[in-house]
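Student: generate a structure from the sequence data that follows.
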Amino acid sequence: MARYKHIDVSPRFLVVDLKRQLLPGTFEHALDHLLDHEIDLSALDARYKNDETGASAYPPAMLLKIVLFAYSQGVIGSRPIERVCREHITFIALSGDSAPHFTTIAGFVSTLGEDIARIFAQVLFICDRQGLIGREMFAIDGVKLPSNASKAKSGTRSDFERQAAKLEAAAQSMLARHRESDERDVEPDLAVKEAKRIERLARDAAQIRGWLADHPEERRGVKGSIRKSNRTDNESAKMATSKGVIQGYTGVAAVDGKHQIIVCAQAHGTGSEQELLVPVVAAMKDVLAENSLITADAGYHSEANLKALAGMKVDALIADNGMRSRDERFSTQDRHKQAPDPLYDKSNTEKKATTYQPSDFTYDAQARTCVCPAGKSLYSHGSNCLTNGYVSIRFQGAQRDCVPCLHRDRCLRTPEKTKTRQVAFFQGKAATTPGSHTDRMKKRIDSSAGRALYGERFATAEPVFGNLRYNKGLDRFTFRGQAKVDTQWKLFCLVHNIEKLAHHGYAQ
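Tutor: Numbering: from 1, shown residues only. All right, here's what the predicted structure looks like:
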(Lines give C-alpha, C1' and ligand atoms only; values in the text may rest on other atoms or scores of the structure.)
Protein backbone atom coordinates (compact mmCIF):
# COMPACT_ATOMS: atom_id res chain seq x y z
CA MET A 1 0.00 0.00 0.00
CA ALA A 2 1.38 3.43 -0.92
CA ARG A 3 2.62 5.70 1.86
CA TYR A 4 1.98 9.46 1.75
CA LYS A 5 3.34 12.42 3.62
CA HIS A 6 1.13 13.74 6.39
CA ILE A 7 -0.62 16.98 5.41
CA ASP A 8 -1.37 19.15 8.43
CA VAL A 9 -4.17 21.54 7.47
CA SER A 10 -4.13 23.24 10.89
CA PRO A 11 -0.49 24.06 11.62
CA ARG A 12 0.19 26.02 14.77
CA PHE A 13 3.56 27.53 13.87
CA LEU A 14 4.30 29.01 10.46
CA VAL A 15 7.10 31.19 9.14
CA VAL A 16 5.08 33.83 7.28
CA ASP A 17 6.07 37.28 6.04
CA LEU A 18 2.89 39.19 6.86
CA LYS A 19 3.71 42.10 4.57
CA ARG A 20 3.82 39.78 1.56
CA GLN A 21 0.25 38.71 2.20
CA LEU A 22 -0.89 42.13 0.97
CA LEU A 23 -0.56 41.68 -2.79
CA PRO A 24 -0.30 44.77 -5.05
CA GLY A 25 -3.52 45.47 -6.91
CA THR A 26 -5.76 44.24 -4.10
CA PHE A 27 -8.02 46.27 -1.86
CA GLU A 28 -6.03 45.42 1.25
CA HIS A 29 -2.74 46.56 -0.32
CA ALA A 30 -4.24 49.88 -1.42
CA LEU A 31 -5.80 50.31 2.05
CA ASP A 32 -2.50 49.57 3.83
CA HIS A 33 -0.53 52.00 1.65
CA LEU A 34 -3.20 54.68 1.88
CA LEU A 35 -3.39 54.79 5.67
CA ASP A 36 0.37 54.44 6.19
CA HIS A 37 1.59 57.01 3.63
CA GLU A 38 -1.24 59.29 2.48
CA ILE A 39 -3.88 59.94 5.15
CA ASP A 40 -3.24 62.35 8.01
CA LEU A 41 -4.47 60.68 11.22
CA SER A 42 -3.03 63.22 13.63
CA ALA A 43 -6.54 64.10 14.85
CA LEU A 44 -6.95 60.51 16.02
CA ASP A 45 -3.50 60.52 17.65
CA ALA A 46 -4.53 63.58 19.68
CA ARG A 47 -7.12 61.47 21.53
CA TYR A 48 -4.47 59.64 23.54
CA LYS A 49 -2.80 61.09 26.63
CA ASN A 50 -0.56 58.10 27.48
CA ASP A 51 2.81 59.52 26.40
CA GLU A 52 4.10 59.42 29.99
CA THR A 53 1.60 57.32 31.95
CA GLY A 54 -0.97 54.71 31.08
CA ALA A 55 -0.95 51.57 28.96
CA SER A 56 0.06 51.61 25.30
CA ALA A 57 -2.81 51.88 22.81
CA TYR A 58 -3.54 50.26 19.49
CA PRO A 59 -2.55 52.53 16.58
CA PRO A 60 -5.65 54.18 15.04
CA ALA A 61 -4.32 53.39 11.55
CA MET A 62 -4.31 49.67 12.35
CA LEU A 63 -7.84 49.76 13.80
CA LEU A 64 -9.13 51.67 10.79
CA LYS A 65 -7.48 49.16 8.45
CA ILE A 66 -9.15 46.13 9.97
CA VAL A 67 -12.54 47.84 10.21
CA LEU A 68 -12.52 48.95 6.57
CA PHE A 69 -11.24 45.59 5.34
CA ALA A 70 -13.86 43.80 7.45
CA TYR A 71 -16.62 45.93 5.92
CA SER A 72 -15.26 45.14 2.46
CA GLN A 73 -15.65 41.43 3.25
CA GLY A 74 -19.15 41.72 4.69
CA VAL A 75 -17.96 41.35 8.30
CA ILE A 76 -19.73 44.08 10.27
CA GLY A 77 -20.01 43.25 13.99
CA SER A 78 -17.13 43.93 16.38
CA ARG A 79 -17.11 40.35 17.71
CA PRO A 80 -16.78 38.78 14.22
CA ILE A 81 -14.02 41.31 13.45
CA GLU A 82 -12.15 40.23 16.59
CA ARG A 83 -12.49 36.58 15.54
CA VAL A 84 -11.17 37.05 12.01
CA CYS A 85 -8.23 39.05 13.39
CA ARG A 86 -7.15 35.81 15.09
CA GLU A 87 -7.99 33.40 12.25
CA HIS A 88 -7.76 35.18 8.85
CA ILE A 89 -4.24 35.69 7.47
CA THR A 90 -5.06 39.00 5.74
CA PHE A 91 -6.51 40.43 8.94
CA ILE A 92 -3.48 39.15 10.83
CA ALA A 93 -1.24 40.93 8.31
CA LEU A 94 -3.16 44.21 8.55
CA SER A 95 -3.25 44.13 12.36
CA GLY A 96 0.30 42.89 12.81
CA ASP A 97 -1.04 39.83 14.65
CA SER A 98 -2.28 42.05 17.47
CA ALA A 99 -5.93 40.82 17.67
CA PRO A 100 -7.61 43.77 19.44
CA HIS A 101 -10.58 43.04 21.71
CA PHE A 102 -14.07 43.56 20.32
CA THR A 103 -14.79 46.33 22.84
CA THR A 104 -11.76 48.22 21.53
CA ILE A 105 -13.04 47.88 17.95
CA ALA A 106 -16.60 48.91 18.85
CA GLY A 107 -15.39 51.89 20.90
CA PHE A 108 -13.11 53.05 18.10
CA VAL A 109 -15.83 53.01 15.45
CA SER A 110 -18.50 54.60 17.66
CA THR A 111 -16.24 57.52 18.64
CA LEU A 112 -14.86 58.43 15.20
CA GLY A 113 -17.37 61.27 14.86
CA GLU A 114 -16.16 64.21 12.77
CA ASP A 115 -12.77 62.56 12.22
CA ILE A 116 -14.23 60.17 9.68
CA ALA A 117 -15.50 63.10 7.62
CA ARG A 118 -11.95 64.50 7.40
CA ILE A 119 -10.59 61.09 6.40
CA PHE A 120 -13.34 60.77 3.78
CA ALA A 121 -12.36 64.17 2.35
CA GLN A 122 -8.69 63.17 2.16
CA VAL A 123 -9.53 59.96 0.26
CA LEU A 124 -11.72 62.02 -2.04
CA PHE A 125 -8.77 64.33 -2.73
CA ILE A 126 -6.63 61.33 -3.69
CA CYS A 127 -9.38 60.05 -5.99
CA ASP A 128 -9.43 63.46 -7.67
CA ARG A 129 -5.64 63.42 -7.99
CA GLN A 130 -5.86 60.03 -9.71
CA GLY A 131 -8.32 61.49 -12.23
CA LEU A 132 -11.34 59.50 -11.03
CA ILE A 133 -13.70 62.49 -10.56
CA GLY A 134 -15.12 64.08 -13.70
CA ARG A 135 -17.36 66.77 -12.12
CA GLU A 136 -19.70 66.69 -15.12
CA MET A 137 -22.66 64.79 -13.68
CA PHE A 138 -23.54 63.78 -10.14
CA ALA A 139 -26.36 61.40 -9.20
CA ILE A 140 -27.94 61.71 -5.75
CA ASP A 141 -29.83 58.75 -4.35
CA GLY A 142 -30.50 57.06 -1.03
CA VAL A 143 -31.29 53.76 0.61
CA LYS A 144 -33.48 53.12 3.65
CA LEU A 145 -32.02 50.58 6.06
CA PRO A 146 -33.18 49.32 9.47
CA SER A 147 -31.10 50.26 12.48
CA ASN A 148 -30.43 48.89 15.94
CA ALA A 149 -33.80 50.10 17.22
CA SER A 150 -37.10 48.44 18.10
CA LYS A 151 -39.99 49.36 15.85
CA ALA A 152 -42.40 48.31 18.60
CA LYS A 153 -41.09 51.11 20.82
CA SER A 154 -42.14 53.92 18.48
CA GLY A 155 -44.94 56.37 19.12
CA THR A 156 -45.89 59.85 20.22
CA ARG A 157 -45.85 61.03 23.82
CA SER A 158 -49.58 60.37 24.10
CA ASP A 159 -49.01 56.80 22.86
CA PHE A 160 -46.37 56.24 25.53
CA GLU A 161 -48.63 57.75 28.20
CA ARG A 162 -51.36 55.25 27.29
CA GLN A 163 -48.89 52.35 27.30
CA ALA A 164 -47.58 53.28 30.72
CA ALA A 165 -51.10 53.66 32.09
CA LYS A 166 -52.14 50.25 30.75
CA LEU A 167 -49.05 48.58 32.24
CA GLU A 168 -49.64 50.23 35.63
CA ALA A 169 -53.31 49.24 35.59
CA ALA A 170 -52.42 45.65 34.68
CA ALA A 171 -49.84 45.53 37.48
CA GLN A 172 -52.35 46.89 40.03
CA SER A 173 -54.99 44.39 38.91
CA MET A 174 -52.56 41.47 39.18
CA LEU A 175 -51.34 42.74 42.56
CA ALA A 176 -54.91 42.81 43.87
CA ARG A 177 -55.47 39.22 42.71
CA HIS A 178 -52.14 38.24 44.22
CA ARG A 179 -53.19 39.61 47.62
CA GLU A 180 -56.48 37.75 47.43
CA SER A 181 -54.64 34.52 46.65
CA ASP A 182 -52.46 35.00 49.76
CA GLU A 183 -55.55 34.24 51.84
CA ARG A 184 -55.97 30.93 50.03
CA ASP A 185 -53.65 28.00 49.52
CA VAL A 186 -51.88 28.62 46.18
CA GLU A 187 -49.06 26.62 44.66
CA PRO A 188 -45.74 28.34 45.47
CA ASP A 189 -44.53 28.20 41.85
CA LEU A 190 -47.60 30.05 40.59
CA ALA A 191 -47.23 32.71 43.23
CA VAL A 192 -43.57 33.26 42.31
CA LYS A 193 -44.42 33.52 38.60
CA GLU A 194 -47.18 36.01 39.25
CA ALA A 195 -44.90 38.12 41.44
CA LYS A 196 -42.28 38.22 38.65
CA ARG A 197 -44.91 39.30 36.13
CA ILE A 198 -46.05 42.13 38.41
CA GLU A 199 -42.44 43.22 38.86
CA ARG A 200 -41.83 43.17 35.10
CA LEU A 201 -44.95 45.23 34.35
CA ALA A 202 -44.00 47.80 36.98
CA ARG A 203 -40.44 47.97 35.64
CA ASP A 204 -41.62 48.50 32.02
CA ALA A 205 -44.04 51.22 33.11
CA ALA A 206 -41.27 52.94 35.10
CA GLN A 207 -38.97 52.85 32.04
CA ILE A 208 -41.63 54.57 29.92
CA ARG A 209 -42.25 57.19 32.62
CA GLY A 210 -38.52 57.81 32.88
CA TRP A 211 -38.21 58.23 29.11
CA LEU A 212 -41.09 60.70 29.08
CA ALA A 213 -39.42 62.70 31.84
CA ASP A 214 -36.14 62.82 29.90
CA HIS A 215 -37.88 63.82 26.66
CA PRO A 216 -40.49 66.46 27.56
CA GLU A 217 -41.00 67.61 23.95
CA GLU A 218 -42.46 65.84 20.94
CA ARG A 219 -40.12 65.05 18.08
CA ARG A 220 -40.96 67.34 15.16
CA GLY A 221 -40.12 67.44 11.48
CA VAL A 222 -38.77 70.26 9.38
CA LYS A 223 -42.24 71.78 8.91
CA GLY A 224 -43.16 71.42 12.57
CA SER A 225 -45.33 68.32 12.25
CA ILE A 226 -45.17 65.73 15.04
CA ARG A 227 -43.05 62.68 14.27
CA LYS A 228 -43.06 59.43 16.17
CA SER A 229 -40.31 59.07 18.74
CA ASN A 230 -38.47 55.86 19.53
CA ARG A 231 -37.44 54.84 23.02
CA THR A 232 -34.37 52.84 21.89
CA ASP A 233 -33.06 55.32 19.28
CA ASN A 234 -34.96 58.58 19.19
CA GLU A 235 -33.00 59.85 16.18
CA SER A 236 -34.16 56.98 13.97
CA ALA A 237 -37.48 57.07 12.14
CA LYS A 238 -40.25 54.83 10.92
CA MET A 239 -40.14 54.73 7.14
CA ALA A 240 -42.01 52.84 4.46
CA THR A 241 -40.08 50.60 2.05
CA SER A 242 -41.01 48.04 -0.60
CA LYS A 243 -40.69 45.37 2.13
CA GLY A 244 -42.89 47.09 4.67
CA VAL A 245 -42.26 49.64 7.42
CA ILE A 246 -38.84 49.70 9.09
CA GLN A 247 -37.28 51.62 11.96
CA GLY A 248 -34.03 53.02 10.69
CA TYR A 249 -32.11 55.64 8.74
CA THR A 250 -31.73 56.84 5.16
CA GLY A 251 -28.21 56.66 3.76
CA VAL A 252 -27.73 59.26 1.00
CA ALA A 253 -24.84 59.29 -1.47
CA ALA A 254 -23.84 61.70 -4.22
CA VAL A 255 -22.00 59.77 -6.94
CA ASP A 256 -19.79 61.20 -9.68
CA GLY A 257 -20.67 59.98 -13.16
CA LYS A 258 -17.13 59.37 -14.45
CA HIS A 259 -15.97 56.45 -12.27
CA GLN A 260 -18.79 56.23 -9.67
CA ILE A 261 -16.81 57.84 -6.86
CA ILE A 262 -18.97 58.78 -3.87
CA VAL A 263 -18.28 62.48 -3.25
CA CYS A 264 -20.75 62.97 -0.38
CA ALA A 265 -22.24 60.50 2.11
CA GLN A 266 -24.75 61.32 4.84
CA ALA A 267 -27.16 59.33 7.01
CA HIS A 268 -30.35 60.91 8.35
CA GLY A 269 -33.17 59.70 10.56
CA THR A 270 -35.98 60.58 8.19
CA GLY A 271 -37.76 58.81 5.37
CA SER A 272 -38.51 62.05 3.50
CA GLU A 273 -35.93 62.36 0.72
CA GLN A 274 -37.12 65.89 -0.07
CA GLU A 275 -35.57 67.12 3.18
CA LEU A 276 -32.16 65.71 2.26
CA LEU A 277 -31.51 67.18 -1.19
CA VAL A 278 -30.46 70.71 -0.20
CA PRO A 279 -28.13 69.58 2.69
CA VAL A 280 -26.36 67.12 0.38
CA VAL A 281 -25.94 69.68 -2.42
CA ALA A 282 -24.65 72.24 0.10
CA ALA A 283 -22.06 69.73 1.32
CA MET A 284 -20.90 69.21 -2.29
CA LYS A 285 -19.99 72.86 -2.88
CA ASP A 286 -16.23 72.16 -2.91
CA VAL A 287 -16.64 69.42 -5.53
CA LEU A 288 -19.07 71.13 -7.91
CA ALA A 289 -17.77 72.91 -11.01
CA GLU A 290 -19.48 75.60 -13.06
CA ASN A 291 -20.79 73.06 -15.59
CA SER A 292 -21.69 70.33 -13.09
CA LEU A 293 -25.12 68.74 -13.40
CA ILE A 294 -26.96 67.15 -10.47
CA THR A 295 -29.59 64.46 -11.10
CA ALA A 296 -32.03 62.92 -8.65
CA ASP A 297 -35.20 60.85 -8.82
CA ALA A 298 -38.76 61.89 -8.03
CA GLY A 299 -38.33 61.35 -4.30
CA TYR A 300 -36.24 64.53 -4.11
CA HIS A 301 -38.59 66.64 -6.23
CA SER A 302 -40.46 69.60 -4.76
CA GLU A 303 -41.04 73.20 -5.78
CA ALA A 304 -39.13 74.36 -2.69
CA ASN A 305 -36.10 72.23 -3.58
CA LEU A 306 -36.05 73.45 -7.18
CA LYS A 307 -36.31 77.03 -5.97
CA ALA A 308 -33.47 76.49 -3.49
CA LEU A 309 -31.21 74.97 -6.19
CA ALA A 310 -31.99 77.89 -8.49
CA GLY A 311 -30.98 80.28 -5.72
CA MET A 312 -27.73 78.33 -5.25
CA LYS A 313 -27.17 78.52 -9.05
CA VAL A 314 -26.88 74.73 -9.27
CA ASP A 315 -27.84 73.05 -12.55
CA ALA A 316 -30.08 70.08 -11.84
CA LEU A 317 -32.38 67.51 -13.47
CA ILE A 318 -34.87 66.18 -10.95
CA ALA A 319 -37.71 63.98 -12.10
CA ASP A 320 -41.31 64.48 -10.98
CA ASN A 321 -43.84 61.76 -10.22
CA GLY A 322 -45.39 61.99 -13.70
CA MET A 323 -42.14 61.86 -15.66
CA ARG A 324 -42.46 58.22 -16.70
CA SER A 325 -46.13 58.55 -17.60
CA ARG A 326 -45.14 61.24 -20.12
CA ASP A 327 -42.29 59.18 -21.60
CA GLU A 328 -43.41 56.79 -24.35
CA ARG A 329 -40.44 54.53 -23.60
CA PHE A 330 -42.13 53.49 -20.36
CA SER A 331 -45.52 52.76 -21.93
CA THR A 332 -45.09 49.00 -21.42
CA GLN A 333 -43.50 49.13 -17.97
CA ASP A 334 -46.50 47.54 -16.22
CA ARG A 335 -46.00 44.22 -17.98
CA HIS A 336 -42.52 43.90 -16.44
CA LYS A 337 -43.61 44.55 -12.87
CA GLN A 338 -43.65 41.67 -10.46
CA ALA A 339 -47.03 40.73 -9.04
CA PRO A 340 -47.43 42.16 -5.52
CA ASP A 341 -46.71 39.80 -2.67
CA PRO A 342 -49.64 39.90 -0.22
CA LEU A 343 -47.18 39.40 2.67
CA TYR A 344 -45.27 42.59 1.84
CA ASP A 345 -47.65 44.73 -0.20
CA LYS A 346 -48.54 47.57 2.18
CA SER A 347 -49.80 49.98 -0.45
CA ASN A 348 -53.21 51.53 0.03
CA THR A 349 -55.94 50.30 -2.28
CA GLU A 350 -57.32 52.96 -4.55
CA LYS A 351 -60.46 54.48 -3.10
CA LYS A 352 -63.41 54.90 -5.40
CA ALA A 353 -65.15 58.25 -5.46
CA THR A 354 -68.41 58.28 -3.52
CA THR A 355 -69.85 61.28 -5.36
CA TYR A 356 -70.21 62.24 -9.00
CA GLN A 357 -67.00 63.56 -10.55
CA PRO A 358 -66.73 66.17 -13.37
CA SER A 359 -66.25 63.30 -15.82
CA ASP A 360 -69.79 62.12 -15.00
CA PHE A 361 -71.23 65.42 -16.31
CA THR A 362 -71.84 65.96 -20.03
CA TYR A 363 -69.86 69.06 -21.01
CA ASP A 364 -70.01 70.66 -24.48
CA ALA A 365 -67.02 72.95 -24.90
CA GLN A 366 -68.32 74.49 -28.12
CA ALA A 367 -71.83 75.31 -26.87
CA ARG A 368 -70.55 75.89 -23.29
CA THR A 369 -73.32 73.78 -21.82
CA CYS A 370 -73.30 71.18 -19.07
CA VAL A 371 -75.84 68.46 -18.20
CA CYS A 372 -75.76 66.61 -14.89
CA PRO A 373 -76.15 62.80 -14.53
CA ALA A 374 -79.84 63.35 -13.69
CA GLY A 375 -80.38 65.02 -17.11
CA LYS A 376 -80.77 68.58 -15.81
CA SER A 377 -79.00 71.53 -17.45
CA LEU A 378 -76.68 73.62 -15.27
CA TYR A 379 -76.26 77.38 -15.44
CA SER A 380 -72.91 78.86 -16.50
CA HIS A 381 -71.41 80.38 -13.36
CA GLY A 382 -68.31 81.92 -15.01
CA SER A 383 -66.33 81.40 -18.20
CA ASN A 384 -62.96 82.81 -17.18
CA CYS A 385 -62.49 81.86 -13.53
CA LEU A 386 -59.02 81.58 -12.00
CA THR A 387 -58.25 78.81 -9.52
CA ASN A 388 -54.62 78.58 -8.34
CA GLY A 389 -53.44 80.08 -11.62
CA TYR A 390 -55.60 77.80 -13.83
CA VAL A 391 -58.48 78.97 -16.04
CA SER A 392 -61.76 77.14 -15.53
CA ILE A 393 -65.40 77.26 -16.61
CA ARG A 394 -67.86 76.77 -13.76
CA PHE A 395 -71.44 75.57 -13.78
CA GLN A 396 -74.05 75.48 -11.02
CA GLY A 397 -77.39 73.69 -10.74
CA ALA A 398 -80.71 75.43 -10.07
CA GLN A 399 -82.41 74.98 -6.70
CA ARG A 400 -85.63 73.83 -8.36
CA ASP A 401 -83.67 70.96 -9.95
CA CYS A 402 -81.17 70.09 -7.19
CA VAL A 403 -83.32 70.30 -4.04
CA PRO A 404 -85.91 67.63 -5.02
CA CYS A 405 -83.38 65.54 -7.03
CA LEU A 406 -83.12 61.84 -6.12
CA HIS A 407 -79.34 61.89 -6.85
CA ARG A 408 -78.46 64.29 -4.01
CA ASP A 409 -76.72 61.58 -1.94
CA ARG A 410 -74.49 60.70 -4.86
CA CYS A 411 -73.99 64.24 -6.12
CA LEU A 412 -73.27 66.21 -2.92
CA ARG A 413 -70.85 65.45 -0.11
CA THR A 414 -73.11 67.08 2.49
CA PRO A 415 -76.64 67.03 1.01
CA GLU A 416 -78.13 68.18 4.32
CA LYS A 417 -76.14 71.45 4.15
CA THR A 418 -75.51 72.10 0.45
CA LYS A 419 -78.45 73.00 -1.77
CA THR A 420 -76.93 72.94 -5.29
CA ARG A 421 -74.00 71.27 -7.02
CA GLN A 422 -71.14 73.18 -8.62
CA VAL A 423 -68.70 71.74 -11.14
CA ALA A 424 -65.63 73.24 -12.85
CA PHE A 425 -63.83 72.24 -16.07
CA PHE A 426 -60.23 73.43 -16.24
CA GLN A 427 -58.82 74.83 -19.51
CA GLY A 428 -55.15 75.06 -18.55
CA LYS A 429 -52.82 77.53 -16.89
CA ALA A 430 -53.56 81.21 -17.32
CA ALA A 431 -51.27 83.16 -19.64
CA THR A 432 -50.64 85.75 -16.93
CA THR A 433 -49.55 83.11 -14.41
CA PRO A 434 -45.74 82.97 -14.12
CA GLY A 435 -44.24 79.54 -14.82
CA SER A 436 -43.11 77.62 -11.74
CA HIS A 437 -39.76 75.90 -11.30
CA THR A 438 -41.60 72.60 -11.62
CA ASP A 439 -43.06 73.54 -15.01
CA ARG A 440 -39.66 74.57 -16.31
CA MET A 441 -38.11 71.34 -15.00
CA LYS A 442 -40.81 69.25 -16.71
CA LYS A 443 -40.13 70.90 -20.08
CA ARG A 444 -36.42 70.36 -19.72
CA ILE A 445 -36.56 66.76 -18.55
CA ASP A 446 -39.08 65.84 -21.27
CA SER A 447 -36.76 67.10 -24.02
CA SER A 448 -34.56 64.63 -25.90
CA ALA A 449 -31.41 66.14 -24.36
CA GLY A 450 -32.93 66.04 -20.88
CA ARG A 451 -33.95 62.41 -21.23
CA ALA A 452 -30.46 61.44 -22.39
CA LEU A 453 -28.79 63.23 -19.48
CA TYR A 454 -31.23 61.92 -16.88
CA GLY A 455 -30.84 58.39 -18.26
CA GLU A 456 -27.20 58.43 -17.16
CA ARG A 457 -28.35 58.61 -13.54
CA PHE A 458 -29.44 54.95 -13.51
CA ALA A 459 -25.99 53.69 -14.54
CA THR A 460 -24.28 56.00 -12.03
CA ALA A 461 -26.08 55.60 -8.71
CA GLU A 462 -27.71 52.16 -8.79
CA PRO A 463 -24.49 50.07 -9.17
CA VAL A 464 -23.02 51.84 -6.14
CA PHE A 465 -25.92 50.81 -3.89
CA GLY A 466 -25.83 47.32 -5.38
CA ASN A 467 -22.16 47.06 -4.41
CA LEU A 468 -22.75 48.31 -0.86
CA ARG A 469 -25.87 46.29 -0.16
CA TYR A 470 -25.21 43.02 -1.99
CA ASN A 471 -21.43 42.69 -2.31
CA LYS A 472 -20.61 44.24 1.06
CA GLY A 473 -23.63 42.80 2.89
CA LEU A 474 -24.90 46.11 4.28
CA ASP A 475 -28.46 45.16 5.18
CA ARG A 476 -28.77 47.16 8.40
CA PHE A 477 -26.99 49.71 10.57
CA THR A 478 -25.61 48.24 13.80
CA PHE A 479 -25.27 51.45 15.83
CA ARG A 480 -27.73 53.79 17.53
CA GLY A 481 -27.83 57.53 17.14
CA GLN A 482 -27.52 59.65 14.01
CA ALA A 483 -23.83 60.48 14.57
CA LYS A 484 -22.76 56.84 14.92
CA VAL A 485 -24.92 55.66 12.02
CA ASP A 486 -23.54 58.47 9.86
CA THR A 487 -20.02 57.27 10.75
CA GLN A 488 -20.82 53.70 9.74
CA TRP A 489 -22.37 54.86 6.45
CA LYS A 490 -19.27 56.93 5.65
CA LEU A 491 -17.05 53.94 6.43
CA PHE A 492 -18.91 51.79 3.90
CA CYS A 493 -18.71 54.57 1.31
CA LEU A 494 -14.98 54.83 2.05
CA VAL A 495 -14.65 51.13 1.26
CA HIS A 496 -16.31 51.74 -2.11
CA ASN A 497 -13.96 54.63 -2.97
CA ILE A 498 -10.82 52.77 -1.91
CA GLU A 499 -11.92 49.83 -4.05
CA LYS A 500 -12.10 52.21 -7.01
CA LEU A 501 -8.55 53.38 -6.23
CA ALA A 502 -7.30 49.80 -6.09
CA HIS A 503 -9.00 48.87 -9.38
CA HIS A 504 -7.37 51.84 -11.12
CA GLY A 505 -3.82 50.95 -10.17
CA TYR A 506 -3.30 52.95 -6.99
CA ALA A 507 -0.08 52.09 -5.03
CA GLN A 508 1.13 49.51 -7.56
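
Student: going forward, measure contacts between C-alpha atoms and count neighbours the same way
Tutor: Fine.

Student: and the lowest-mean-pLDDT helix or strand in the chain, what other elements does it pack with?
Tutor: Lowest on mean pLDDT, DSSP states H and E among the helices and strands of the chain sits strand 379-387, with a mean of 79. Counting contacts by 3 or more Cα pairs under 8 Å, 6 or more residues apart in numbering; DSSP states H and E, strand 379-387 is packed against strand 369-371, strand 390-396.

Student: repeat the analysis, applying 6 Å as the threshold.
Tutor: strand 390-396 (3 or more Cα pairs under 6 Å, 6 or more residues apart in numbering; DSSP states H and E).

Student: give the partner strands of the strand it packs on in its sheet and their orientations.
Tutor: strand 379-387 (antiparallel), strand 422-429 (antiparallel) (DSSP bridges).

Student: can you put these in CSV and add distance to Ser325?
Tutor: Below are the strands paired with strand 390-396 laid out as CSV (distance: least, Cα to Cα, whole Å):
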stretch, distance to Ser325
strand 379-387, 25
strand 422-429, 19
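
Student: JSON lines for the ones you listed, including mean neighbour count and distance to Cys405?
Tutor: Shown next, in JSON lines, are the strands paired with strand 390-396 (neighbours: other Cα atoms under 10 Å; distance: least, Cα to Cα, whole Å):
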{"stretch": "strand 379-387", "mean neighbour count": "15", "distance to Cys405": "16"}
{"stretch": "strand 422-429", "mean neighbour count": "15", "distance to Cys405": "15"}
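
Student: looking at the ones you listed, which is closest to Leu288?
Tutor: strand 422-429 (35.5 Å; Cα to Cα).

Student: for the helix or strand that Leu68 is a member of, what is the average pLDDT?
Tutor: Per DSSP states H and E, Leu68 falls inside helix 60-72. Mean per-residue pLDDT for helix 60-72: 95.

Student: outside of that helix, which residues touch it?
Tutor: 95, 472 (Cα atoms under 6 Å, 6 or more residues apart in numbering).

Student: of the strands paired with strand 390-396, which is nearest Cys370?
Tutor: strand 379-387 (7.8 Å).

Student: how far off centre is that closest one?
Tutor: Computed by Cα atoms, centre = their mean, to the nearest Å, the chain-centroid distance of strand 379-387 equals 45 Å.

Student: any chance you could list what contacts that strand?
Tutor: So strand 379-387 is in contact with 391-396, going by Cα under 6 Å, 6+ apart.

Student: now for the residues you listed, which pair is the farthest apart?
Tutor: For the contacts of strand 379-387, and using Cα to Cα, no pair is farther apart than Val391 and Gln396, which are 16.7 Å apart.

Student: so how far is Ala106 from Asn148?
Tutor: Counting by Cα to Cα, to the nearest Å, the gap from Asn148 to Ala106 is 14 Å.

Student: quick one: what helix or strand has the residue nearest the centre of the chain in it?
Tutor: Nearest to the geometric centre of the chain sits Thr250, at 2.0 Å (Cα atoms, centre = their mean). Using DSSP H and E, the element containing Thr250 is strand 244-256.

Student: what are the buried residues along that strand?
Tutor: By 16 or more other Cα atoms under 10 Å, the buried positions in strand 244-256 come out as 246-256.

Student: ditto for stretch 196-209
Tutor: So for stretch 196-209, counting by 16+ other Cα under 10 Å, buried means 197-198, 201-202, 205, 208-209.

Student: wait, which of those is closest to His101?
Tutor: Taking Cα to Cα as the measure, His101 sits nearest to Ile208 out of those, at 34.1 Å.

Student: and that closest one, what pLDDT?
Tutor: The model's pLDDT for Ile208 equals 88.

Student: quick check, Ala165 in a strand?
Tutor: No: counting by DSSP: H, G, I helix; E, B strand; the rest coil, one finds Ala165 to be helix, located in no strand.

Student: and it, how far from Ile89?
Tutor: Distance from Ala165 to Ile89, by Cα to Cα: 56 Å.

Student: please apply the same query to Ala46.
Tutor: Distance from Ala46 to Ile89, by Cα to Cα: 30 Å.

Student: repeat for Lys144
Tutor: 34 Å.

Student: looking at these two, which one has more neighbours?
Tutor: Applying other Cα atoms under 10 Å to Lys144 and Ile89 shows that Lys144 carries more neighbours, namely 23 against 16.

Student: Phe361: which of the buried residues of strand 244-256 is nearest?
Tutor: Ile246 (44.1 Å).

Student: low-confidence ranges in the stretch 351-500 of the chain?
Tutor: Scanning the stretch 351-500 of the chain for pLDDT under 70 picks out the ranges 431-434.

Student: give me that answer again for 80
Tutor: Low-confidence segments of the stretch 351-500 of the chain, defined by pLDDT under 80: 351-353, 381-384, 386-389, 428-435.

Student: what are the ranges of the helices in it?
Tutor: 399-402, 408-411, 437-446, 448-466, 482-503 (DSSP state H, counting those that start in this stretch).

Student: give me whichever of those helices is most buried.
Tutor: Greatest average neighbour count among those goes to helix 482-503 (a mean of 22), per mean count of other Cα atoms under 10 Å.

Student: from the rest of the structure, what touches that one?
Tutor: 25, 27, 30, 110, 235, 261, 265-267, 479.

Student: pull the most distant pair out of the residues you listed.
Tutor: Every pair of the contacts of helix 482-503 checked by Cα to Cα; the farthest is Gly25 and Glu235, at 40.1 Å.
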